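> Quick one: sequence and predicted model below, then my questions.
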Amino acid sequence: NEVFMLKKNDSNYYSMNDISLAELADKYQTPLYVYSADQIRKNIQHLQSVLAKYFDSYRIQYAVKANTNPHVLKIVKETGIGADCSSPLELRLAKQAGFPMDRSTYTGNYESPEDFKRAVESGVNLNLDDYHRITDLKEMGILPEFVSFRINPGIGRGGFEQIVTGGADAKFGFPYEETRKAYQTAIEAGVKRFGIHMMTGSNILEPFYFAEITQKIFTIIENSINDLGIELEFINIGGGLGVPYTKEEEALDLDQSFKMVSEVFKKNLPNLNIGNPEIALEPGRYLVANSGVLLSKVTHVKRSYRNYVGIDAGMSTLLRPAMYKAFHDVKMDGQEDFLSNEPSDHYRICGQICENSDIHPLDRSFNQPKAGDLMLIENAGAYGFTMSSNYNNRVRPAEILLDGSSEKVIRVRETEEDVLKNVPDFELK
């Protein structure tokens, strides 16, 4: 799952699927998200082939939150995998796209009664963030036959502190010490079928991590629920499959990762009384991040206490750099890659939003950037548009899907009128 390799011609102009990115930028304006359907399929097929090598059966559930565009969901669904949903609308979109609900999961947290009602009615597998919600579901009269629980193992890891989803400071799951009580509560309430889930971090590039978390789940199972007489339909080790965002980072060795995970399964399962559960996982970023590039034009270059390259894609378009100090590699269309030790050639990329956090981390070397230059921001297929907003009353960008030699608008650029269309008794003049 290498960083998506953009093709560059002899004049240093870039293309995806042999379609000029500069022409797309001129045609649809910037900022502009561009995705490759072929790359999404390639990523999923690679993951499927690795899992099939080490497991007789498995469940892949695409984390819909990574990229929720219905046209992207359709591409993902056609590969035959399930969905992992975290809100009622994500669930509605997944069902409409045709994802199989019996191979999909709804993992919410702090759900409202309406959230629960819609999830149960959809037929999706319900994964509870807190086992005390069993009582709420029973009182509502909608307790499903199947329930899975999200366990917090007390540890976590991630590319940034803000995306660690396990440990004492994480809001997700319940303490692993309460696992037995959780399943006993469900059994007493009348639940008949079960799964188990654990996710502790995001964007992990270390192969050993996934075997470690799998062994942790098995240890919890053995110590907490092995003697309860229940069979688990799946053991969900979460997502977290990472992609390299910098040239220094090495791509995750997927084969080594799941070879070790399979060894953990083979070592533990024969000694347990939980049936023959499938391995399940819920990747999002790994499947779509490197399929996308964000096109943005330089609006202004300023030399102040440091040098700034201002672009038209600020934190309202791509939030990750401001929110996590996340690094995205960039290229200037029509220019050679430029590296310089001269301070005058070093710039911070920033957007147009009136927040000092609207800055990409680390200085970048640019060769005399100027207004109108086209910048390519890589690995923008995941957690890009889905985290965008209208902050500062900036309109959200268009999205384009490239499939083979074809291009398709899969989201029209917003207008200023769109931003205000839900304000009653008001017309923008």
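That came through, no problem.

> Residue 346 contacts residue 309, correct?
No: using C-beta atoms under 8 Å, residue 346 is not in contact with residue 309, being 10.2 Å away. To be clear about C-beta, it is placed using only N, CA and C from the backbone, and glycine gets the same treatment.

> What mean pLDDT does stretch 57-64 get?
Averaging pLDDT along stretch 57-64 yields 98.

> circling back to that earlier point, need the residues touching each of residue 346 and residue 309.
residue 364 (C-beta atoms under 8 Å, 6 or more residues apart in numbering).

> Can you pull out the low-pLDDT segments for the stretch 151-300 of the chain?
In the predicted model of the stretch 151-300 of the chain, residues 155-170 satisfy pLDDT under 70.

> Let me see the ranges of the helices in it.
For the stretch 151-300 of the chain, the helices defined by DSSP state H, counting those that start in this stretch cover 179-189, 207-224, 254-268, 285-288.

> of all the ones you listed, which gets the most neighbours per residue?
helix 285-288 (a mean of 28; mean count of other C-beta atoms under 10 Å).

> Just the CA coordinates for it, please, in CSV.
Coordinates of each C-alpha in helix 285-288 appear next as CSV, following Å, rounded to 0.1, in the frame of the first residue of the first chain:
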residue,chain,number,x,y,z
ARG,A,285,-7.6,5.0,5.8
TYR,A,286,-5.7,2.0,4.4
LEU,A,287,-8.3,1.5,1.7
VAL,A,288,-8.8,5.0,0.5
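
> Give me the packing partners of that helix, helices and strands only.
Applying 3 or more C-beta pairs under 8 Å, 6 or more residues apart in numbering; DSSP states H and E, one finds that helix 285-288 contacts helix 37-54, helix 70-77.

> Which residue lies nearest the spatial centre of the chain?
Most central in the chain under C-alpha atoms, centre = their mean is residue 66, positioned 3.2 Å from the mean C-alpha point.

> for stretch 90-105, which positions count as buried?
Under the neighbour-count criterion of 16 or more other C-beta atoms under 10 Å, stretch 90-105 has 90-91, 93-95, 97, 99, 101, 103-105 buried.

> Tell me if I'm right that residue 76 and residue 286 touch.
No: the criterion here is C-beta under 8 Å, and residue 76 misses it with residue 286 at 11.9 Å.

> And the contacts of the strand or helix carrying residue 347?
Element membership of residue 347 [criterion: DSSP states H and E] is strand 346-350. With C-beta under 8 Å, 6+ apart as the contact definition, strand 346-350 has outside contacts at 301, 306-311, 314, 330, 340, 358-360, 362-366, 369, 375.

> what's the offset of that strand from the middle of its chain?
Here strand 346-350 is found 26 Å from its chain centre; the criterion is C-alpha atoms, centre = their mean, to the nearest Å.

> ok, longest strand in the protein?
Assignment by DSSP state E gives strand 292-303 as the longest strand of the chain.

> For the stretch 51-200 of the chain, just list every one of the strands.
Here the stretch 51-200 of the chain has its strands, by DSSP state E, counting those that start in this stretch, at 58-63, 82-85, 105-107, 125-128, 146-152, 174-175, 193-197.

> winner for burial among the ones you listed?
If you average neighbours per stretch using mean count of other C-beta under 10 Å, then among the strands of the stretch 51-200 of the chain it is strand 82-85 that wins, with a mean of 29.

> tell me the average confidence for that strand?
pLDDT averaged over strand 82-85 gives 98.

> That strand - contacts with which helices or strands?
Against strand 82-85 (3+ C-beta pairs under 8 Å, 6+ apart) you get strand 58-63, helix 88-97, strand 105-107.

> Format those as CSV; extra columns: distance to residue 294.
Converted to CSV, these look like this (distance: least, C-beta to C-beta, whole Å):
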stretch, distance to residue 294
strand 58-63, 20
helix 88-97, 22
strand 105-107, 28
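
> Touching, residue 333 and residue 24? I think so.
No: the pair residue 333 / residue 24 is not scored as a contact, 10.7 Å apart, by C-beta under 8 Å.

> quick revisit: tabulate the strands of the stretch 51-200 of the chain in CSV, adding columns for distance to residue 137.
Listed next are the strands of the stretch 51-200 of the chain as CSV, based on distance: least, C-beta to C-beta, whole Å:
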stretch, distance to residue 137
strand 58-63, 21
strand 82-85, 17
strand 105-107, 12
strand 125-128, 8
strand 146-152, 8
strand 174-175, 15
strand 193-197, 14
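
> Going along the chain, name the helices of the stretch 301-429 of the chain.
For the stretch 301-429 of the chain, the helices defined by DSSP H, counting those that start in this stretch cover 320-324, 416-419.

> most packed of those?
Most buried among the helices of the stretch 301-429 of the chain, counting by mean count of other C-beta under 10 Å: helix 320-324, with a mean of 19.

> centre of the chain versus it, how much separation?
14 Å.

> Report the buried residues of stretch 362-369.
By neighbour count with 16+ other C-beta under 10 Å, stretch 362-369 contains the buried residues 364, 366, 369.

> Now do the contacts for the first one.
Under the criterion of C-beta under 8 Å, 6+ apart, the contact partners of residue 364 comprise 309, 330, 346-349.

> separation between the closest residue to residue 310 other than its chain neighbours and residue 178?
Nearest residue to residue 310 in three dimensions, chain neighbours excluded: residue 300, at 4.4 Å (C-beta to C-beta, 6 or more residues apart in numbering). To residue 178, residue 300 is 55 Å away according to C-beta to C-beta, to the nearest Å.

> The two: who's more crowded?
Under the criterion of other C-beta atoms under 10 Å, the comparison of residue 300 against residue 178 puts residue 178 first, with 18 against 14.

> Near the residue nearest to that one when sequence neighbours are not counted, how many residues? Count them for me, please.
Take residue 178 and drop its neighbours on the chain: the residue closest to it by C-beta to C-beta, 6+ apart is residue 131, 6.9 Å away. Counted with other C-beta under 10 Å, residues neighbouring residue 131 total 21.
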